[in-house]
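Chemist: My questions concern the predicted model and sequence given below.
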Amino acid sequence: ERKKLGKLKKMPSVTLDGTPVTLLANIEFPDDCVHALEGSAHGIGLFRSEFLFMNRAANELPTEEEQFHSYKQAVIAMKGRPVTIRTLDIGSDKPIDEDEQTSLNPALGLRAIRYCLAEPQMFMTQLRAILRASAFGPIKLLIPMLSHAFEIDQTLALIEQAKAQLRTEKIKFDAEIRIGAMIEVPGAALALPMFIKRLDFLSIGTNDLIQYTLAIDRVDHEVAHLYNPLHPSVLFLLSTTIAMAAKAEVPISVCGEMAGDIKMTRLLLGMGLREFSMHPAQLLSVKNEILNSDLSVLEPATRKILRSYEPQVIAEAVERLQTL
Ligand code: PEP
Ligand code: MG
């Protein structure tokens with residue numbers, strides 16, 4: 001099996017009917033790029049930058065210089081392939097300080113972009129570091145947990161401010177850097193035109209999208225059995241988001257766990273997804289699925305699944321997709 005997957009490395013990632021599919025890796029540290037390349041990833045779809053901020057001495061944040069070196073290391077390691085750096089997604093399941101209990105419902109509290117907009121100095125330090133690294137290879141900026149138009153506007157204004165500072169200081173960066181949003185709050189998926197209008201690309205975070213759609217804490221074992229990626233509401237949000245982005249010609253990927261689950265690959269292909277970002281260890285298994293998938297068969301089968309509201313019927317039909 002390992003040998004077989006090894007052979008897949010050199011093959012282009014296309015479906016049986018010849019449609020190319022982009023395969024990207026999720027990483028936590030620049031060193032993980034080695035694994036992304038081993039799995040022949042086309043790039044990094046999600047660099048979870050918060051891991052540079054976690055497990056440190058209290059009140060000690062990585063400096064601009066330290067962050068710059070990490071981001072630059074990743075983009076150089078990827079040798080011209082794009083690296084999507086997500087800005088700090090701290091809070092909730094990723095506390096910056098393990099001992100600090102910030103709020104009663106951290107998943108609904110001051111996390112991710114909310115935290116960054118509340119700490120603009122810290123955010124500017126990160127934005128400057130990412131922009132500086134963009135002088136060394138293709139970098140894309142990805143913003144987590146956006147749900148309001150004013151949050152997008154404030155974030156874009158801070159990025160412009162960071163660019164202006166660097167220009168004044170005569171420091172190089174990619175002036176055309178692409179800026180995208182994670183779609184991981186149901187309100188964002190339901191108001192997608194607001195995002196499409198303001199941003200260059202989108203990435204669906206199914207881990208949080210499922211958590212918030214079904215009101216299930218993703219780290220609470222007592223409700224883990226209710227965490228269902230195939231819930232009709234989740235499939236509705238996923239399929240409408242993918243279709244709307246495609247129609248607007250805004251690139252869209254999925255970077256949550258669903259993208260690396262081979263039981264979901266054909267369903268996502270059938271919905272129109274053409275960019276998957278996953279743990280590097282999943283890359284070749286998902287590629288194997290893609291190479292054996294025929295979109296002309298998957299698309300009508302998926303449309304049928306999306307019309308159903310019976311969990312059992314959906315589960316069985318999704319399983320059957322793997323045999324088509
Ligand atoms: C997600 O929510 O699906 C996602 C990719 O981000 P994270 O798992 O880091 O919250
Ligand atoms: Mg998330």
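Modeler: Yes, it's here. Numbering: from 1, shown residues only. Ligands and ions are numbered 1, 2, ... in the order given.

Chemist: Tell me who's in contact with the most centrally placed residue in the chain.
Modeler: The centre of the chain sits closest to Cys255, judged by CA atoms, centre = their mean, with a distance of 3.5 Å. Residues in contact with Cys255 (CB atoms under 8 Å, 6 or more residues apart in numbering) are 24, 26, 45-46, 182, 203-205, 277-278. No exception for glycine: its C-beta is placed from N, CA and C like everyone else's.

Chemist: Gln282 contacts Gly260, correct?
Modeler: Yes: between Gln282 and Gly260 there is a contact under CB atoms under 8 Å: 3.6 Å.

Chemist: Between these two, point out the one with more neighbours.
Modeler: Gly260 (23 against 20; other CB atoms under 10 Å).

Chemist: which residues in the stretch 201-324 of the chain form strands?
Modeler: 201-204, 252-254, 275-278 (DSSP state E, counting those that start in this stretch).

Chemist: from the chain's centre, how far out does the first one sit?
Modeler: Which is strand 201-204. Centroid separation for strand 201-204 versus its chain: 7 Å, with CA atoms, centre = their mean, to the nearest Å.

Chemist: Give me every residue in the stretch 201-324 of the chain lying close to ligand 1.
Modeler: Counting by CB under 6 Å from any ligand atom, the stretch 201-324 of the chain comes close to ligand 1 at 205-208, 255-256.

Chemist: Which of those residues has the largest number of neighbours?
Modeler: Gly205 (29 neighbours).

Chemist: residue ranges with poor pLDDT in the chain?
Modeler: Scanning the chain for pLDDT under 70 picks out the ranges 1, 92-102.

Chemist: in it, which spans are helices?
Modeler: Using DSSP state H, the helices of the chain run over residues 2-8, 33-38, 64-77, 112-118, 120-133, 149-168, 186-190, 192-198, 206-214, 232-247, 265-271, 283-291, 295-306, 311-321.

Chemist: Residue of the stretch 51-200 of the chain closest to ligand 1, please.
Modeler: Glu184 (4.7 Å; CB to the nearest ligand atom).

Chemist: what does this structure put close to ligand 2?
Modeler: Applying CB under 5 Å from the ion, one finds that the chain approaches ligand 2 through 184, 205, 208.

Chemist: ok, now with 8 Å
Modeler: 89, 112, 144-145, 182, 184, 205, 207-208, 256 (CB under 8 Å from the ion).

Chemist: still on that earlier bit, quick one, what contacts the residue of the stretch 51-200 of the chain closest to ligand 1?
Modeler: Contact partners of Glu184, counting by CB under 8 Å, 6+ apart, are 144-145, 204-209, 212, 256.

Chemist: Quick check: it vs Ala112, distance?
Modeler: For Glu184, the distance to Ala112 equals 9 Å [CB to CB, to the nearest Å].

Chemist: shared neighbours of these two, which are they?
Modeler: Counting by CB under 8 Å, 6+ apart, the residues touching both Glu184 and Ala112 are 144-145.

Chemist: coming back round to it: distance to Val223 added to the helices of the chain, as TSV?
Modeler: Below are these laid out as TSV (distance: least, CB to CB, whole Å):
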stretch	distance to Val223
helix 2-8	34
helix 33-38	32
helix 64-77	35
helix 112-118	22
helix 120-133	32
helix 149-168	28
helix 186-190	17
helix 192-198	28
helix 206-214	9
helix 232-247	15
helix 265-271	23
helix 283-291	28
helix 295-306	25
helix 311-321	17
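
Chemist: Give me whichever of those helices is most buried.
Modeler: Of all these, helix 265-271 has the most neighbours on average by mean count of other CB atoms under 10 Å, namely a mean of 25.

Chemist: And that helix, what does it pack against?
Modeler: Counting contacts by 3 or more CB pairs under 8 Å, 6 or more residues apart in numbering; DSSP states H and E, helix 265-271 packs against helix 232-247, helix 283-291, helix 295-306, helix 311-321.

Chemist: Which strands or helices does the longest one pack on?
Modeler: Counting by 3+ CB pairs under 8 Å, 6+ apart, the packing neighbours recorded for helix 232-247 are helix 186-190, helix 192-198, strand 201-204, helix 206-214, strand 252-254, helix 265-271, helix 295-306, helix 311-321.

Chemist: switch the cut-off to 6 Å
Modeler: helix 206-214 (3 or more CB pairs under 6 Å, 6 or more residues apart in numbering; DSSP states H and E).
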